[in-house]
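**Q** Mind folding the following:
(chains A, B and C)
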Amino acid sequence: MSMRSESEHYVNPEAFNPSEMETLSPAQERYYQASQWQIMWWKFRRHRLAVWSGVILILFYLCVPFAEIIAPYAPNQRSNDHLYAPPQTLRLFHEGSFVGPFVYGLKAEVDLETVRWVYTEDRQDVQPLRFLCFGSKYRFWGLFDASFHLVCPAEGGTFYLLGTDRLGRDVLSGLIYGARLSLTVGLVGVTISIVLGLFFGGIAGFFGGLIDSAIQRLIEILRSLPELPLWMALSAALPVTWSPVWIYLGITVILGLLDWPGLARAVRSKLLALREEEYAKAALLMGATPSRVIRKHLLPGFTSHIIASASLSIPAMILGETALSYLNLGLRRPAVSWGVLLNEAQDISVVVIYPWLMAPVVPIIIVVLAFNFLGDGLRDAADPYK
Amino acid sequence: MDVLTIDGLTVDFLTGEGRMRAVDDVSFSVPRNRTVALVGESGSGKTVISQTIMGLLPEKAQVTGGRVLFQESETAAPVDIAALDRKGAKMRAIRGNRIAIIFQEPMTSLSPLHTIGDQIGEAAELHRDVGPQEARELTREMLRLVRFPDPARALDSYAFELSGGLRQRAMIAMAMICHPALLIADEPTTALDVTIQAEILKLIKDVQAELHMSTLLITHDFGVVANMADDVVVIYHGRIMERGSAQALFAEPRHDYLKALLNAVPRFGMAEGERLVPIRPIEPHAEGFLKKGRSERACAAGAPLVSLTNVTKRFTTRKGGFFLGKGGHSVLALDTVNLTVRRGECVGLVGESGSGKTTAAKAVLRAIEVDEGSIRYDCGDGPVEVGSLKGAELLDYRRRVQLIFQDPFSSLNPRMTVNELLMEPLIIHNVGTAEERAERVRELMRLVGLDPRFLRRYPHSFSGGQRQRIGIARALALNPEFILCDEPTSALDVSVQAQILNLLRDLKTELGLTYLFVSHNLAVVDYIAERLAVMCRGRVVEIGSTRDVVENPLHPYTRALLASVPEPDLNAPLDFAALEAGRASEPDLWPEPYRLVDGVRPALVEVESGHFVCAPGLAGNSGSLPMEAAQ
Amino acid sequence: MLYYILRRVLTMIPTLFVISLLTFVIIELPAGDYISNQIAALRATGESASIAKLEFLRAEFALDRPFLERYLIWIGLWPGVHGFDGLLQGNWGWSFEYEKPVAEVVGPTLPLTIVLNAATILFVYVVSFPIGIYSATRQYSWGDYGFTFIGYIGLATPNFLLGLIMLYFANLWFGLSVGGLMAPEYIGQPWSVGKALSVLAHLIVPTIVIGTAGTAAMIRRLRANLLDELHRQYVTTARAKGMSEPRLLVKYPLRMALNPFIADIGNLIPSLVSGSVIVSVVLNLPTVGPVLLNALQSQDQFLAGFILLFVAVLTLIGMLVSDLLLAVLDPRIRFGRKG
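**A** Numbers count the residues shown, from 1 in each chain, chains lettered A, B, ... in the order given. You can find the predicted model right below:
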């Protein structure tokens, strides 16, 4: 049947070298000795957007400890002469000559027809900004009095970069102080959520059986509930008599309380997957105690995943706080958060006249975007061995 | 005439680090009506060649040189496939129509959401200009050709309802429906059990004869090559090492690589003491703590070390659900298993997937609880029930009994350095001071032929064989006496497999270890084990010295199993005519006296000295077991 | 299949019970109740004349009973003053603030709530599906980058802020209010073609506002799912059969990616319903949203409780529909395969 019984017998003339071991370049050697965190960092670093988001978030978070110094005014400092003052433009040149950063003074008149204050720039009133200066007084972290600022208005002048609200409070300072609460709400809430998620997900994943299915059902039910109405109902239950600090803590607990199911689910499934990993079994068969297996084999395997998914649930919490405060169900003055500031923008007819009241929208979107990008980058880097 | 002529083919991959040459100046041809085997280890570029022929190369791959000429008949003009647009109409008219392919993984190659009939008939509708009704008819015809038990019903079934063997048959039907001139079979049987592999190989041969087509068979298994190929092409690192007729290559391999490869394949009937020759041999030299510990507990070799008596294990798959889901079905994973491993020997435990061999190993490790029966272990002062061990005793048992895993990739924690990995057992068992531990770890590395400087590296920097050696070193760290090897070489290439097998053999003699070697590969077990136990559907069907069982198999299942193993020897071809399609693994269909029906205990009967077979019909009255068989 | 539907519907019953209990706990969290707070207020001002009447009301609504009893009376598993008369019997409770039965207060808002949510889900499906496919099949093209970017912005902009911004620009440019669900002249009028069209026109803005974030999320998920599927072996099999790319894409990977797509909609529904509540407040839509806010602020507990339960049930039904759809599409679920 074979048409060509003698196929040509070809032999490669080159010799075969079984010990063809490639020599390692220093870079390879470095990679081979890199721990999981190092490889994750290298992987994360390639995700440009995530790195930049991280930098932006760090800048934002600088406002949290140093709000008093960065903000030119105190958040609740009113100025009866400047109600609904429009944003002042930062300028460098006055009549063609360089002056350095300054603003023109504001002149206020009442428009008798509309019964509104109308502001005009006084082109002669040059108010150069002062830097690293002493201005309005504050109590730093509520501990001691101080008046040092990064930037202050000229003596007797004003510096409303983003305008003022109906009581003449500086919107920019409000934003900077607001960051303190708005940005930490997510962190504290996520911490609560992680603790709950680790606990419930952990016992579900580790014990399995009846406990697991009970927790699974609970998670399913909680996840099928619309969050916001629940948040609203729970915050409505916070006593009005509570101080802002307690309300703040209450809100974070509420946010964390409803967020954990997602995290618990992630913990559980990761734990189940890792528990089935052969190296975890190997350790058990070597005689390792369950606690050692959890510490040495399971935890290092999923901390990175937890961090990544946590970073993705922070923005939801920030938005939750904003929504609640916006609806008057969350924080209230004198506490300042971005949601509280937005509360001023509830009446659309006012917003149309004084659009700068919507300013908090901008940092909210930037921070939420940044967290999303950062979370994406972290998640991609979280499993370096894939 | 050649259906396919590959001439100087060169394929590059564009990766992040630059160009990587996957196929380097490869030339060979596939003559009409012949089978050419393309043989190589993983990463040799054989799959890239098949992808090139099918026009299925990934985006980042580039044909940088050479031609792939496809000529269907004497009169047709040859087409250069390499020059065609991969997604163009011309390529599509050839692909699936004139050239068809079968893939390795029948599990993932079929869509779970479409019926088998739909997926097979599709090719006919695409190329043969037929309507849905006709396509269905053709599909039924094809399913009959590939010997589906019930072709009409199979048309409307889904892939997940079929067994692995049937799925691969469906894949073959899909490839055949347009009567292609060339069939590419890319490792078509690697994922299948050996008895099913033999059937699929037979099927490919039959279909090929019936439809007059040429076959390009891509494989790493010389047994398959010897049984299927007319011509052989051996490829290594993208380059052809040797090429010629199967006769010439098996009779007179010329290139060092092929010679080395053939020397590394275990064969039946190797002489006593004959060794495989791995491509990169290592010589273990036990010293230090491993040697020191040995002399102290010198126990009589040959005394029973572990014995399983009437061990039964039932797995119940429970259907989830709060209200309605009740009951489930249970599988008898181990049915009255009796097995004894004596000190200093290596017992091979052989069976196909689902035979219970891994469950048995897990039971010995006390990784699962057994339902009935007892497992006893003799530490030197009388047998102890393993199931009742607690606390310090259990920890001591864990030290004595170690496991080598099948998958060298998942059994090492990727987040630990090799040093931490090898330290771990020492820390768990609180052995020695920090310096002693460090010394032990270095010694272990030398023992398995790895440079102690690698200790600072992470597992991701090692190849499969190196990782498996780390796994072996870890298993030896506590100076154990009994090691369970769970398919330790099934994930490795042939050349590395020989290296690991030799290492295990040498360690056994050097350290006086005892092995229970679980494997589906009879030739491997034949090479390493002195005694052999064959399992099928949770029962031990035959036990005896390896030589007795291999040369004189008694049980119908053992016979079928041995008859299905393709040997890398042209003079010992598979007897395709004698294959009894799947009947051998069905206990109800075994002839008397071997027949097992529900409720009959699988009693072992001693047929010749030390050679037992499961034959309830010979056991006198089937209710009582003969005295413990394997004593 | 029938068995599956039955099972799936039956599992909803305990879920509903847990949710109703949870709801009841939440609305009972604030100190006191509507009436006892009023009594306290009256006592403080020294007016004791109407206290007796309020005390009577308190007993009438069983507010003086223990917690569990109150709950069981509310859902209608325990006899109240007038026998079994709770949610299960079709009595939705009493609104103290409006001094009307809850049914009368929320009744008119319910259909619009359902219509709005259904429209949003439809919007998410219709918009995200083609864009998701486009992005996945033309990965790293300009269109892909563009949609991804817009998607991120959509994801990051909370829907009530989006509503606010839209309101602002609508006011600025057209000088009109986009709030409300119909033109003012139709309010209180019987249904007519004109009224229906007006409702449809007014639905557009809230639907976009509520659906944007969800759509963005869906596009990302569909894109990721589809990219996953595109690299599966069975796609190669289909390609090896000689299928053309578009045909292959539709038949296999798209078909596979459809399942998680539908399952994801189920996961998305809670947040859509959430969004509809707050957006309704911002845009002043006559859905249950603003009523809920009022009820919560005035501690009108039965009204708030009913609305909370209603939105929860709405999400459950949405998830049920998505699960059933999934079963229709996926033979593996239909066949009740264990695993």
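**Q** Please see if the longest helix seen in chain A touches chain C.
**A** Among the segments of chain A that qualify as a helix by DSSP state H, the longest is helix A:171-207. No. Helix A:171-207 lies out of reach of chain C by Cβ under 8 Å from any Cβ of the partner chain, never closer than 12.3 Å. The C-beta positions use only the backbone N, C-alpha and C, and glycine is treated the same way.
**Q** List the buried residues for that helix?
**A** A:171-190, A:192-194, A:196-198, A:200-206 (16 or more other Cβ atoms under 10 Å in any protein chain shown).
**Q** Kindly report the same for stretch C:57-75.
**A** Buried residues in stretch C:57-75 (16+ other Cβ under 10 Å): C:57-58, C:61-63, C:65, C:70-75.
**Q** Stretch A:131-143 now?
**A** Buried, per 16+ other Cβ under 10 Å, within stretch A:131-143: A:133, A:135-136, A:138.
**Q** ditto for stretch B:145-160
**A** Applying a neighbour-count criterion of 16+ other Cβ under 10 Å, one finds B:145-148, B:151, B:154-155, B:157-159 buried in stretch B:145-160.
**Q** Also within reach of chain C: list those from the residues you listed.
**A** By Cβ under 8 Å from any Cβ, the members of the buried residues of stretch B:145-160 lying near chain C are B:Tyr158.
**Q** Among the buried residues of stretch B:145-160, which pair sits farthest apart?
**A** B:Leu145 and B:Tyr158 (21.1 Å; Cβ to Cβ).
**Q** from the buried residues of stretch A:131-143, which two are the most distant?
**A** A:Cys133 and A:Tyr138, at 13.5 Å, using Cβ to Cβ across the buried residues of stretch A:131-143.
**Q** just the buried residues of stretch A:131-143 that are near chain C?
**A** Okay, of the buried residues of stretch A:131-143, nothing touches chain C (Cβ under 8 Å from any Cβ).
**Q** Now render the residues you listed as JSON lines, adding distance to B:Gly45, pLDDT and secondary structure.
**A** What follows is the buried residues of stretch A:131-143, written out as JSON lines (distance: Cβ to Cβ, whole Å; pLDDT from 0 to 100; DSSP: H, G, I helix; E, B strand; the rest coil):
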{"residue": "A:Cys133", "distance to B:Gly45": "71", "pLDDT": "86", "secondary structure": "strand"}
{"residue": "A:Gly135", "distance to B:Gly45": "73", "pLDDT": "81", "secondary structure": "strand"}
{"residue": "A:Ser136", "distance to B:Gly45": "74", "pLDDT": "82", "secondary structure": "strand"}
{"residue": "A:Tyr138", "distance to B:Gly45": "71", "pLDDT": "84", "secondary structure": "strand"}
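**Q** Dump those to TSV, plus distance to A:Gln38.
**A** Listed next are the buried residues of stretch A:131-143 as TSV, based on distance: Cβ to Cβ, whole Å:
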residue	distance to A:Gln38
A:Cys133	44
A:Gly135	46
A:Ser136	47
A:Tyr138	43
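**Q** any idea which of those is closest to A:Asp165?
**A** Nearest member of the buried residues of stretch A:131-143 to A:Asp165, counting by Cβ to Cβ, is A:Ser136, at 16.7 Å.
**Q** which non-adjacent residue is nearest B:His255?
**A** Distance criterion Cβ to Cβ, 6 or more residues apart in numbering or on different chains; nearest residue to B:His255, sequence neighbours excluded, is B:Glu242 at 4.3 Å.
**Q** Next, count neighbours for residue 290.
**A** Went with chain A since none was named. 12 (other Cβ atoms under 10 Å in any protein chain shown).
**Q** actually it's chain C I care about, not the one you picked
**A** 18.
**Q** hmm, back to that, now check the longest helix of chain A, is it near chain B?
**A** No. Helix A:171-207 stays clear of chain B (Cβ under 8 Å from any Cβ), getting no nearer than 14.4 Å.
**Q** Just the mean pLDDT for that helix, thanks.
**A** Averaged across helix A:171-207, pLDDT comes to 87.
**Q** quick one: A:Leu57 and A:Pro315, what's the gap?
**A** Distance, A:Leu57 to A:Pro315, using Cβ to Cβ, to the nearest Å: 11 Å.
**Q** who's more crowded, those two?
**A** A:Pro315 (22 against 19).
**Q** I'd guessed the more buried one sits against A:Val185; true?
**A** No. Judged on Cβ atoms under 8 Å, A:Pro315 makes no contact with A:Val185 at a distance of 11.0 Å.
**Q** next one: phi and psi at the residue in the stretch 151-300 of chain B that chain C sits nearest to?
**A** Residue of the stretch 151-300 of chain B nearest chain C, by Cβ to the nearest Cβ: B:Tyr158 (5.2 Å). Note on B:Tyr158: its backbone torsions stand at phi -100, psi 160 [degrees, to the nearest 10].
**Q** okay but it is in contact with B:Ala170, surely?
**A** No. Counting by Cβ under 8 Å, B:Tyr158 does not reach B:Ala170; the two are 10.7 Å apart.
**Q** Residues contacting the helix or strand of chain A with the lowest mean pLDDT, please?
**A** Ranked by mean pLDDT, DSSP states H and E, the weakest helix or strand in chain A is helix A:26-32, scoring a mean of 73. Residues from elsewhere that reach helix A:26-32, judged by Cβ atoms under 8 Å, 6 or more residues apart in numbering or on different chains: A:24, A:39, B:457-458, B:460-461.
**Q** nearest to B:His179, of these?
**A** Closest to B:His179, out of all of the contacts of helix A:26-32 and judged by Cβ to Cβ, is B:His460, at 46.6 Å.
**Q** for the longest helix along chain C, packing partners?
**A** Secondary structure of chain C per DSSP H: the longest helix is helix C:193-230. On a contact count with 3 or more Cβ pairs under 8 Å, 6 or more residues apart in numbering or on different chains; DSSP states H and E, helix C:193-230 meets helix C:109-137, helix C:142-156, helix C:159-174, helix C:253-283.
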